[in-house]
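Q: kindly generate the corresponding structure for this input.
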Amino acid sequence: MEYGCNDRVVLITGGTSGIGLAAARAFWLDGASVSIVGRDRVRGMKALAAIAGCKDPERVVFPGAKEGKETFTAAEGIKEENCSDPDFAENSALERLRFIRADVTKQADCRMAAVIAAHYGKERIHILVNSAGLYQEKRIEQVTAADYNRIMDVNVKGTLLMIQACQPYMLPHGEEAEIPGSGSGGNLSEETEAAKTLPGKKDRCIINIASDAGIGGNYGCPVYCASKGAVVSLTRALALDMSPDIRVNCICPGDVDTPLMEAQLKAAGDGYTKEDMAAEYPLGRVALPEEVAHVICSVASPANSFMTGAVVPVDGGLTAIG
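A: Predicted coordinates for the structure are as follows:
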């Protein structure tokens, strides 16, 4: 599927698993230069291999990724024979896929990640996806100050710090609008004529990943709900402050079949199962990370250049119940 994000520079936090990983692969397959941010370099290596379509990401070795190196590309370790998709095993494609080791709760790390992504993106970042997040189930009487700080630091402060770090590289630098078909000669279609009014290359966007719990609340996880509600409000406020230069939108998934959900089920013990969770949804199932990634890429597409301040539920109809 094409989203029109080819040649864009994309930075994704929480990109080593779940929704962030799926979004990174979708953007990369669309032709974007993608940098994923995470704290663990080994997970980063495996994530790059998974995104590139390697048969066995667990066994991929990165000889160029020396210990202590903060960033490396997929081209530094992935060989053609290890990839299931030979069309993307070429160095030119693998060079578009990068891991940056950083902790989003630390301002210096966020600034470093933005500098690295922009450096390899000709001093520009077109798309920022804030997907790093933590989940914890604890009733209010059980929540400690440490619990509160840990969740808020990643879910809220991490989102804010990364936006601050990337903003200077997302402001327009005088590019001309890209008009599809303008270089081909002949008569332009009505769609192409209409595209002259679109910002094209000038389009910049931030997509924050919140949750349906940030819209309507949920049982047993008040701090998580508060953190995602803060991300929703932050999105709306920044959509106003950053207009017209940068679009800011928010995706609110329901339960998604990711390692985060697996950890949630493990922590719940015998309290509930994946099937129990699925039964709550009108569609009768939880989401796949690729389904949420599709919405992220669609919102980021230049074709959606008039979309900002939107809060988009991707929750199988859960919030429609009210």
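
Q: from here on, just use CA atoms for contacts and neighbour counts.
A: Noted.

Q: so after the longest helix seen in the chain, what's the next helix or strand?
A: Selection of the longest helix in the chain by residue count, based on DSSP state H, yields helix 222-242. Per DSSP states H and E, the first helix or strand lying C-terminal to helix 222-242 is strand 247-253.

Q: just checking: what are the partner strands of that next one?
A: Strand pairing for strand 247-253, determined by DSSP bridges: strand 205-209 (parallel), strand 311-314 (parallel).

Q: looking at those, which is buried most?
A: Mean neighbour count (mean count of other CA atoms under 10 Å) peaks for strand 205-209 among these, with a mean of 27.

Q: how about residue 161, what does it touch?
A: Going by CA atoms under 8 Å, 6 or more residues apart in numbering, residue 161 touches 104, 105, 106, 107, 110.

Q: check which helix or strand covers the last one.
A: Taking DSSP H and E as the definition, one finds residue 110 inside helix 107-119.

Q: who's in contact with that helix?
A: By CA under 8 Å, 6+ apart, the list of residues contacting helix 107-119 reads 9-11, 35, 37, 100-104, 124-125, 161-162, 165-166, 169.

Q: keep only those of these that are in helices.
A: Mapping these onto helices (DSSP H) picks out 161, 162, 165, 166, 169.

Q: residue 209 bridge partners, please.
A: For residue 209, the beta-bridge partners are residue 251 (DSSP bridges).

Q: just the buried subset of the contacts of helix 107-119, please.
A: Buried members of those, counted by 16 or more other CA atoms under 10 Å: 9-11, 35, 37, 100-104, 124-125, 161-162, 165-166, 169.

Q: lowest average confidence, helix or strand, in the protein?
A: For the chain, counting by mean pLDDT, DSSP states H and E, helix 190-195 ranks last in confidence among helices and strands (a mean of 43).

Q: just for the stretch 151-300 of the chain, where's the confidence low?
A: In the predicted model, the stretch 151-300 of the chain carries pLDDT under 70 at residues 173-201.

Q: at 50 what do you get?
A: Residue ranges of the stretch 151-300 of the chain with pLDDT under 50: 176-196.

Q: now do the strands in this protein.
A: 9-13, 33-38, 71-73, 97-101, 127-130, 205-209, 247-253, 311-314 (DSSP state E).

Q: which pLDDT value goes with the closest residue to residue 25 other than its chain neighbours?
A: Counting by CA to CA, 6 or more residues apart in numbering, residue 25 lies nearest to residue 51, which is 4.9 Å off, once chain neighbours are set aside. If you check residue 51, the pLDDT there is 94.

Q: how close does residue 51 sit to residue 96?
A: The gap separating residue 51 from residue 96 is 11 Å, by CA to CA, to the nearest Å.

Q: hmm, back to that, for residue 241, state which of the ones in helices among the contacts of helix 107-119 is nearest.
A: Looking at these and their distance to residue 241, the nearest is residue 166, at 15.0 Å (CA to CA).

Q: that closest one: what's its closest spatial neighbour, skipping adjacent residues?
A: Computed as CA to CA, 6+ apart, the closest residue to residue 166 that is not its neighbour in sequence is residue 114, at 5.4 Å.

Q: contacts only, for the residue most central in space within the chain.
A: Using CA atoms, centre = their mean, the residue of the chain that lies closest to the mean C-alpha position is residue 129, 3.6 Å off. Applying CA under 8 Å, 6+ apart to residue 129 gives the contacts 10, 11, 12, 13, 20, 206, 207, 208, 209.

Q: in TSV, list the residues you listed along with distance to residue 308.
A: Below are the contacts of residue 129 laid out as TSV (distance: CA to CA, whole Å):
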residue	distance to residue 308
10	18
11	19
12	19
13	20
20	21
206	9
207	10
208	12
209	14
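
Q: rewinding a little: need the overlap of contacts for residue 51 and residue 96.
A: Common neighbours of residue 51 and residue 96 (criterion: CA under 8 Å, 6+ apart): residue 28.

Q: would you put the C-alpha positions of stretch 289-305 in CSV?
A: Output of stretch 289-305 as CSV, limited to C-alpha atoms (Å, rounded to 0.1, in the frame of the first residue of the first chain):
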residue,chain,number,x,y,z
PRO,A,289,-0.3,-3.8,15.2
GLU,A,290,-0.3,-3.6,11.4
GLU,A,291,-3.9,-2.3,11.5
VAL,A,292,-2.9,0.6,13.7
ALA,A,293,0.2,1.2,11.7
HIS,A,294,-2.0,1.6,8.6
VAL,A,295,-3.9,4.4,10.3
ILE,A,296,-0.6,6.0,11.4
CYS,A,297,0.8,6.1,7.9
SER,A,298,-2.6,7.3,6.5
VAL,A,299,-2.7,10.2,8.9
ALA,A,300,1.0,11.0,8.1
SER,A,301,0.3,11.0,4.4
PRO,A,302,0.6,14.3,2.6
ALA,A,303,-2.8,13.6,1.2
ASN,A,304,-4.1,14.3,4.7
SER,A,305,-2.4,17.7,4.9
